[in-house]
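Novice: Provided below are the primary sequence and the corresponding predicted coordinates.
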Amino acid sequence: MRFSFLVLLLCLGCSKVPKTKAEALQAIPDYRQKLRREDNPLAVLETSMGVITIELYRHAAPETTANFIGLARGEKEFTDKDGSKAKRPYYDGLIFHRVIPNFMIQGGDIRGDGTGGPGYQFADEINAKALGLDKIKVASSPMALQEVQQLARSEVFRKLNIRSQDDLNAKRKQAEALFALEQEKWKNKSLEELYTARGFRYLPNLASESNTRGAVAMANSGPNTNGSQFFINVADNTYLDGKHTVFGRVLAGLEVADAIAQVERDARDRPKKDVVIRKVTILDI
């Protein structure tokens with residue numbers, strides 16, 4: 001078993017790097033070919049563990065795709081680690097700084113610790129209705145119910161003017177009753193309504209896709225905080241829909257992403273041995 005895994009890693013590391021869009025398309029399985037849009041560009045990620053080829057969703061997230069391409073090609077200015085302005089292929093040499101088995105692998109941080117970005121932020125590109133979030137009830141989603149608790153707590157503190165532990169102790173019964181009421185009013189509302197209350201703003205006419213296995217999405221710290229960090233889903237993570245812009249999908253090399261997700265990591269989910277994005281090439285024609 002140990003020998004087989006070593007052979008797998010060696011094979012992944014020796015993946016052929018396509019130089020043209022035609023070469024890249026040859027490595028894509030037929031079932032993905034049927035779903036691919038011919039006018040969408042491809043991004044080829046050469047990593048220290050193999051090659052991952054991604055279709056970029058220009059049709060579904062045009063600004064997000066343009067940002068990724070601009071950074072990858074060195075056409076978009078960003079703030080470097082030392083605070084100076086730079087313009088070079090941004091992703092080349094960065095690492096996957098956070099990897100979690102059966103979840104995702106995350107990269108695109110110039111600092112390599114999860115706190116870095118390009119020095120700017122931009123808006124989400126998500127169509128909640130295309131994802132069906134206007135039809136899904138809050139009560140049917142355990143993750144959404146946790147978010148409702150956070151909203152309800154904030155409303156209780158605001159309405160009762162609770163600013164300290166002493167305030168909470170003095171108004172505990174009133175606070176508990178109001179907390180229950182605030183939670184109850186959300187149960188029959190939709191996820192779209194919940195996320196809108198959290199600050200997300202949705203756009204019509206976008207063909208948004210779900211955070212299913214193989215989808216590539218923007219990492220963020222809340223509404224409209226996109227920059228350069230992205231993640232590749234290695235499992236179906238549909239509870240992230242509506243909160244993370246999906247701007248692409250892995251067409252070939254998903255097994256490489258799976259292998260990266262399985263590497264040994266520390267308590268902060270950073271690989272103990274760097275997994276490097278050696279080069280990102282955009283194939284547009």
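Specialist: Arrived safely.

Novice: Residues contacting the host helix or strand of residue 52 from elsewhere in the structure, which ones?
Specialist: Element membership of residue 52, judged by DSSP states H and E, is strand 50-56. Residues outside strand 50-56 that contact it (Cβ atoms under 8 Å, 6 or more residues apart in numbering): 12-18, 24, 27-28, 36-37, 40-45, 65, 68-69, 216, 232, 247-257, 259, 282. Quick note: C-beta positions are derived from backbone N, CA and C, even for glycine.

Novice: likewise stretch 139-159?
Specialist: Residues from elsewhere that reach stretch 139-159, judged by Cβ under 8 Å, 6+ apart: 138, 162-163, 175, 178-179, 182-183, 186-188, 191, 194, 197-198, 239.

Novice: Filter these down to just the ones in helices.
Specialist: 175, 178-179, 182-183, 191, 194, 197 (DSSP state H).

Novice: Can you select the buried ones from those in ChimeraX?
Specialist: Applying 16 or more other Cβ atoms under 10 Å to those leaves a buried subset, and the ChimeraX line that selects it is:
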select :175,178,179,182,183,191,194
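
Novice: Dump the ones in helices among the contacts of stretch 139-159 into CSV; add distance to residue 274 and pLDDT as well.
Specialist: Compiled in CSV, the ones in helices among the contacts of stretch 139-159 are given as follows (distance: Cβ to Cβ, whole Å; pLDDT from 0 to 100):
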residue, distance to residue 274, pLDDT
175, 48, 95
178, 50, 96
179, 45, 96
182, 46, 94
183, 44, 95
191, 37, 97
194, 38, 96
197, 40, 93
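
Novice: C-alpha coordinates for stretch 269-284, CSV please?
Specialist: Taking only C-alpha atoms (Å, rounded to 0.1, in the frame of the first residue of the first chain), the coordinates of stretch 269-284 have been written out as CSV:
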residue,chain,number,x,y,z
ASP,A,269,-4.2,22.8,8.1
ARG,A,270,-1.0,24.0,6.4
PRO,A,271,1.0,21.3,4.6
LYS,A,272,4.1,20.4,6.6
LYS,A,273,5.9,20.2,3.2
ASP,A,274,5.1,23.1,0.9
VAL,A,275,2.9,22.3,-2.1
VAL,A,276,3.9,24.9,-4.6
ILE,A,277,1.9,26.4,-7.5
ARG,A,278,5.0,26.6,-9.8
LYS,A,279,3.2,28.3,-12.7
VAL,A,280,-0.2,29.3,-13.9
THR,A,281,-0.8,29.5,-17.6
ILE,A,282,-3.9,31.0,-19.2
LEU,A,283,-5.0,29.3,-22.5
ASP,A,284,-7.5,31.6,-24.1
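
Novice: just to revisit the earlier point, how far out from the middle of the chain is the strand holding residue 52?
Specialist: Average the C-alpha atoms of strand 50-56, do the same for its chain, and the two points are 15 Å apart (Cα atoms, centre = their mean, to the nearest Å).

Novice: now swap in stretch 60-77 and tell me
Specialist: What separates the centre of stretch 60-77 from the centre of its chain is 15 Å, taken as Cα atoms, centre = their mean.

Novice: Please list the outside residues in contact with it.
Specialist: For stretch 60-77, contacts defined as Cβ under 8 Å, 6+ apart pick out 41, 43, 56-58, 78, 85-91, 118, 122-123, 125, 206-209, 218, 226, 228, 230, 245-248, 280-282, 284.

Novice: Need the ones in helices among the contacts of stretch 139-159 in a markdown table (columns: distance to residue 132).
Specialist: Below are the ones in helices among the contacts of stretch 139-159 laid out as a markdown table (distance: Cβ to Cβ, whole Å):
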| residue | distance to residue 132 |
| --- | --- |
| 175 | 35 |
| 178 | 32 |
| 179 | 29 |
| 182 | 25 |
| 183 | 23 |
| 191 | 9 |
| 194 | 14 |
| 197 | 18 |
